[in-house]
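Enquirer: Here you go, sequence then predicted model.
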Amino acid sequence: MARDPAFVLRYLAEVEELAEDVLAARQQIVDLDVKRNRNREALRALQKDSEPDEKAMVCFGNMFIELPKAKTREMLRQDQEELDKEINNLRKELRVKVNRLYEAQGKPELKGFNLNPMSAEEMKLINRILEG
């Protein structure tokens, strides 16, 4: 059974495009996670500092600005929250993209890939139930 070469090329181009989307999303998650880890390190360094009322040097792009440490901590916390949201959204989108890629390749959908982690409140309830 001979296939139309144009059909095969369209199919391969579609699969390649879906695979590139998956790889791009994964790389974006890695990049944001690196930034989140740097922010976490900066927050920890500010918490360890024995003189909290002083100012801290903060790098914005290619320039340094001196800001009060309290303001710097607040900016880092807000940035952390935004990064967490963005990473979680990208992970949700990645699940959809991976399923589309598998579907295009004729593979079965991944089992257990659509699981979501339990919240701290849900874990407390589970622990309470298990403890009796």
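Expert: Sure thing, it's come through.
Enquirer: Strands along this protein, start to end?
Expert: Here the chain has its strands, by DSSP state E, at 55-60, 63-68.
Enquirer: what is the orientation angle of the last one with strand 55-60?
Expert: Interaxial angle of strand 63-68 relative to strand 55-60 (axes from the mean of the first three to the mean of the last three CA atoms, to 10 degrees): 150 degrees.
Enquirer: Could you spell out the sheet neighbours of strand 63-68, each with its direction?
Expert: Strand 63-68 has the following strand partners under DSSP bridges: strand 55-60 (antiparallel).
Enquirer: from the chain's centre, how far out does the strand it pairs with sit?
Expert: Taking CA atoms, centre = their mean, to the nearest Å, one finds strand 55-60 lying 25 Å from the centre of the chain it belongs to.
Enquirer: The strands of the chain into JSON lines, with extra columns for mean pLDDT and mean neighbour count?
Expert: For the C-beta atoms, the positions are set from N, CA and C on the backbone; glycine is no exception. Shown next, in JSON lines, are the strands of the chain (pLDDT from 0 to 100; neighbours: other CB atoms under 10 Å):
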{"stretch": "strand 55-60", "mean pLDDT": "86", "mean neighbour count": "13"}
{"stretch": "strand 63-68", "mean pLDDT": "91", "mean neighbour count": "11"}
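Enquirer: and of those strands, who's closest to K48?
Expert: strand 55-60 (12.2 Å; CB to CB).
Enquirer: would you put the C-alpha positions of that closest one in PDB?
Expert: Output in PDB follows, covering the C-alpha atoms of strand 55-60 (Å, rounded to 0.1, in the frame of the first residue of the first chain):
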ATOM      1  CA  LYS A  55      20.100  48.400  51.800                       C
ATOM      2  CA  ALA A  56      20.900  45.700  49.300                       C
ATOM      3  CA  MET A  57      22.400  45.900  45.800                       C
ATOM      4  CA  VAL A  58      20.000  44.500  43.300                       C
ATOM      5  CA  CYS A  59      20.800  43.700  39.700                       C
ATOM      6  CA  PHE A  60      18.200  44.700  37.100                       C
END
